[in-house]
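1. One predicted model, sequence on top.
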Amino acid sequence: MSCHPALTETAVKNALHYDKEELCHHCDKCEKLTRLHAASSLLRKKMKEDLVSRYSFLAWEWFIYNEEARKEFKVLLPGSLMSSSTLTVLMGYGTVSEWFKDATSRSCEIFEEQLKRGSFVVIGHGDCCTNMLFRYDAKENPVEVLFLDFQLCRQASLAVDLNYFLFSNFDRKDRKEKMGQYLSLYHSSFAKVLASASLTMPYTIEEITKEFKRKNIYQIICGSILIPLLVSETQELIDFDSASGGRAKNYVEELRQNAIRMRVRSIVLR
């Protein structure tokens, strides 16, 4: 087994629990994700063949890699949206609850529509939520961020990763106040990488912002799957693998019951 040199240093910490220099952390994470996307753009220009033709896994999605996964997906996604409908109505968000309820019957189609590649194609991480480590200097300033766990890596619109990343790592207040700043940082960092190879940035900040908004529903649906997991107590966590083997319906119901219990106990859901 090999290990990135930085991972062997003592100054590496999980990015999930930081309490200072938040903006610096966020900018570091955003720039790191941008470099991944921009580097893939350089690779696509360098190669004379389509990346998917050489690396077929880049076209795979976790919910369609075999027939069993497809069946589980058709249970997991609608069930997760119904759970979110129940949870949001308990929290007093009736309009949001109705949206989840109305979207349930066509949730799979909506999700797959959001994953259509279009003209903003990059190689994305696919699960850039908490799969990060920071390396700090002696003064506790973050100097490097490392992405881990690329098992969901695939070719998709850059806005898919951006939505997942910004909505799962940043709180509502931060997104509301600084979203424009983060998208601008993404654009400028992307352009900087391309400029190092004497290439012009193919997207304007306005185009990236529009694409980001077009893919917002992707993260809303992902959130309906993730939130019951993220708010569960450690002893109540349910392994995602337990949704396989025809048990997806039971898995969704257990998560729903957990989320309802956590509605009372969790400060996040109050």
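-> Alright, I've got the coordinates. Residues are numbered from 1 along each chain as shown.
2. SS state for residue 61?
-> Assigned by DSSP: H, G, I helix; E, B strand; the rest coil, the conformation of residue 61 is coil.
3. Contacts for the helix or strand harbouring residue 176 next, please.
-> Element membership of residue 176, judged by DSSP states H and E, is helix 172-195. Outside helix 172-195, the residues within contact range by CB atoms under 8 Å, 6 or more residues apart in numbering are 22-23, 26-27, 30-31, 33-35, 37-39, 41-42, 162, 166-167, 170, 200-201, 203-205, 208-209, 212. Every C-beta, even on glycine, is put in place using the N, C-alpha and C of the backbone.
4. Apply 7 Å and report the result again.
-> Contacts to helix 172-195, defined as CB atoms under 7 Å, 6 or more residues apart in numbering, come from residues 26-27, 30-31, 34-35, 37-39, 41-42, 162, 166, 200-201, 205, 208-209, 212.
5. Just the buried positions in the helix or strand that it is followed by, please.
-> Sequence-wise, the next helix or strand beyond helix 172-195 is helix 205-214, with elements assigned using DSSP H and E. For helix 205-214, the neighbour count (16 or more other CB atoms under 10 Å) marks 205, 208, 209, 211, 212 as buried.
6. And those, which is closest to residue 92?
-> Taking CB to CB as the measure, residue 92 sits nearest to residue 212 out of the buried residues of helix 205-214, at 28.0 Å.
7. Report the separation between the spatially closest residue to the closest one that is not a sequence neighbour and residue 55.
-> Nearest residue to residue 212, sequence neighbours excluded (CB to CB, 6 or more residues apart in numbering): residue 159, at 4.7 Å. Separation of residue 159 from residue 55 (CB to CB, to the nearest Å): 21 Å.
8. Equivalent analysis for residue 152, please.
-> Distance from residue 152 to residue 55, by CB to CB: 14 Å.
9. show me the contacts for residue 121.
-> Counted by CB under 7 Å, 6+ apart, residue 121 has contacts 155, 157.
10. one step back: and the pLDDT at the residue nearest to residue 212?
-> We have a pLDDT of 97 for residue 159.
11. okay, now residue 217: neighbour count?
-> Residues lying near residue 217 (other CB atoms under 10 Å) number 17.
12. Let me know the pLDDT of it.
-> 95.
13. give me the low-pLDDT residue ranges for the protein?
-> 1-26, 65, 231-246, 263-270 (pLDDT under 70).
14. Residue 115 versus the residue nearest to the spatial centre of the chain, what's the distance?
-> Centrality entry for the chain: nearest residue to the mean C-alpha point is residue 164, 2.6 Å, by CA atoms, centre = their mean. Computed as CB to CB, the residue 164 to residue 115 distance reads 11 Å.
15. coming back round to it: may I have the residues that are in contact with the residue nearest to residue 212?
-> Residue 159 makes contacts with 120, 211, 212, 214, 215, as judged by CB under 7 Å, 6+ apart.
16. No further questions, thank you.
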